[in-house]
Each structure stands twice: as structure tokens, then as C-alpha cells.
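> mind folding the following:
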Amino acid sequence: MAIESLFTDALAHAGSGIVLALADFVSSRVANPKAGRLERKKQCLVSIDALLDSEPAQQVQTAAESSTNTKQTETPAPPAEERHPIPKDSLEYAKHINVVRNYLTSSGLAKLKLPLFERVKQWFASLIRDEKINGLTNLQKLGVAAGVEVLYDTIFGFHYYTAVLQYSPFATIMVNLYQIPSFWAGLWLGNGLKKFINLLISSSDEKKLDKAIQGLLQRTNIVDVVVNYEAPEQIRNNLLEQGISLSASQLTRVGQSAFAHLKHFATSARDTADDVLNYPQKQAERREQEREDRKKRFDDLTRGR
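Here you go, the predicted structure:
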């Protein structure tokens, strides 16, 4: 095969990867209209704030508090009405956990611990609603690229290369050495293009909500709280009566990578808390100030609606 033909074929497979990545994004966007996305993200923000309010102040260790001269991300919070910690064995607390857990799973950051049949069933149920490819790690995308290319060659490619192009069976197999990396590169480029497009078409309100949620996920222990929560049996039964199934969860590989730094912050806090004078009191004061700042920014976000 001439160099020009190799290059053209590689570009075609890379283009296929880009198309698949964009199709993954578009299908999810169509299945999740703007109004629904905004409402879910607002509810997620409210639930995160409610769960953080229910955590002991000394346990809410943030990245900004663990390093010096670190500028905090602006994070709007729910409205400024007076609130109280929610008992962790209550139905309300479990519902807030479910809201945030649904956000993490739909974002590809966490997955539910379910039997194999239930996992397959849920995967197909969310195939259009959630992005299944763009949220994968690079290694997982390489696996997808290999699977797609092998499937394509099995159905179409092998006959085309041997009967039409007169390749030997060995040469037909060897073309995968550049086709698979090309397709993977297309998935990677398509995900980058999707992020740029999403930035252009997302409303300012949605961008602020995304920034607020991501800031809290990255700066607090909310991920650990949500992922490790196990509802009491009575609470699970009450939720089932309302049509809500609250299953145990765990971080995906993407989630583990995204939140790996939180383990370091939590460990540092545990190691140094006993050596810091009046640590709990100072943490409580800082947390109260952070809560007031979040309330004020959320009021600014929702003013005039």
C-alpha cells in the first residue's frame, strides 16, 4: 500500500473516531434538554450543600485549606434561608445522597454496585441519556477503538481488503496496527472538540452551575460522603416504596483519577489536626464563612428569576 493510501486510510479511521465521539455528545445533549439539565444541576447543588451542612465542621477539609495561598473557586450555594443539619439516618438525607450519586454516575465518575444483569440493563437504559465514550479514560478508549476496528474488519473489512484490494490475509490483519491508533486519536480529538462546542453552546447559568458543582466536588469531602454512604434497611424500603432504588456505589477509573488528590488532603488533615491549636474551632469558623459566601453567590446567580 502506498504511503498516500496509508495516510488517507488513517485519516478516514481518525475521522470515524471523531464522528463517534461527537455522536456520543449529541445524543446525550438531545436526550437531556436544557431545562432538565439546569433543574438537575440546581438540585444537585442544593443537595451537596445540604449534605455538607450535615457534616461535622472539622471533617469538611477543603483543598484551599490544605495548601497556602490557594485561591478558592467561586461556588454559588443554595438560597440563604436558615438550615439545620439533616440526620444521616433520615429519608431526606438519603434522597440528597441519591441526587448527588445520580449526578456522579451520569457524569461517569461513579458506578453502582449491581448484579451483572442489572448493570447491563442500566447500561442500555442510559445508552442515549449519558455519554458512554467521551467519559472513558484514554486506555479504555483504546480498548473501544480496538473493539470497533476488529468488529468492522470481521463484518466488512476482511472481505474488502482481500477480495477488492487483493491484500493477503496477513496484510489485512496488519493494517490494524495503524487503524486502531488512528481511531483512538479520533476519539481523543473528538472529545476535545466536544468540550469546545459545549463551551460555546452552554448558557451562562449552566456554566456557573457546572463550575459551582465541580468546585465543591474538588474542594470538599462530598464525593467520599456520597460514594461510601449506605442507607439503613428501613430507609431503603421507604425509598423503594417511592420508586427510588438507592444502590451502593464506587468510583470509576475516571473518578478515581479525578479525585485522587482528595485522599491526600484527607490524610494530611488527619495527621496534622491534633497538632494545630484550636483546629476544630478554626475549621468551624472557616466553614461558616464559606457557607455564607456560597449563599451570597447563589443569590447573585438566581437574582431576577
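
> which stretches of the stretch 1-150 of the chain form strands?
Counting by DSSP state E, counting those that start in this stretch, the stretch 1-150 of the chain has strands at residues 110-112.

> what segments of it are helices?
Shown for the stretch 1-150 of the chain, the helices assigned by DSSP state H, counting those that start in this stretch span residues 3-31, 34-53, 63-66, 91-106, 116-125, 138-152.

> same for the second one, what does it pack against?
Yep, that's helix 34-53 we're talking about. The helices and strands touching helix 34-53, judged by 3 or more C-beta pairs under 8 Å, 6 or more residues apart in numbering; DSSP states H and E, are helix 91-106, helix 204-219, helix 222-227, helix 279-302. Backbone N, C-alpha and C define where each C-beta goes, glycine included.

> try it again with 7 Å
Here helix 34-53 touches helix 91-106, helix 204-219, helix 222-227, going by 3 or more C-beta pairs under 7 Å, 6 or more residues apart in numbering; DSSP states H and E.

> tell me which of the helices of the stretch 1-150 of the chain sits most buried.
The highest average neighbour count among the helices of the stretch 1-150 of the chain, using mean count of other C-beta atoms under 10 Å, belongs to helix 91-106 at a mean of 20.

> about what we covered before: reformat the helices of the stretch 1-150 of the chain as JSON lines; add distance to residue 225 and mean pLDDT.
Shown next, in JSON lines, are the helices of the stretch 1-150 of the chain (distance: least, C-beta to C-beta, whole Å; pLDDT from 0 to 100):
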{"stretch": "helix 3-31", "distance to residue 225": "27", "mean pLDDT": "89"}
{"stretch": "helix 34-53", "distance to residue 225": "6", "mean pLDDT": "92"}
{"stretch": "helix 63-66", "distance to residue 225": "16", "mean pLDDT": "44"}
{"stretch": "helix 91-106", "distance to residue 225": "8", "mean pLDDT": "92"}
{"stretch": "helix 116-125", "distance to residue 225": "23", "mean pLDDT": "78"}
{"stretch": "helix 138-152", "distance to residue 225": "27", "mean pLDDT": "90"}
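
> quick check: phi and psi at the spatially most central residue of the chain.
In the chain, the residue lying closest to the centroid (C-alpha atoms, centre = their mean) is residue 107, at 3.1 Å. When quoted as degrees, to the nearest 10, the phi and psi of residue 107 stand at phi -90, psi 0.

> how close does it sit to residue 132?
Relative to residue 132, residue 107 is positioned 12 Å away (C-beta to C-beta, to the nearest Å).

> can you check residue 230 too?
27 Å.

> quick one: which of those two has more around it?
Neighbour count, other C-beta atoms under 10 Å: between residue 230 and residue 132, residue 132 has more, with 16 against 13.
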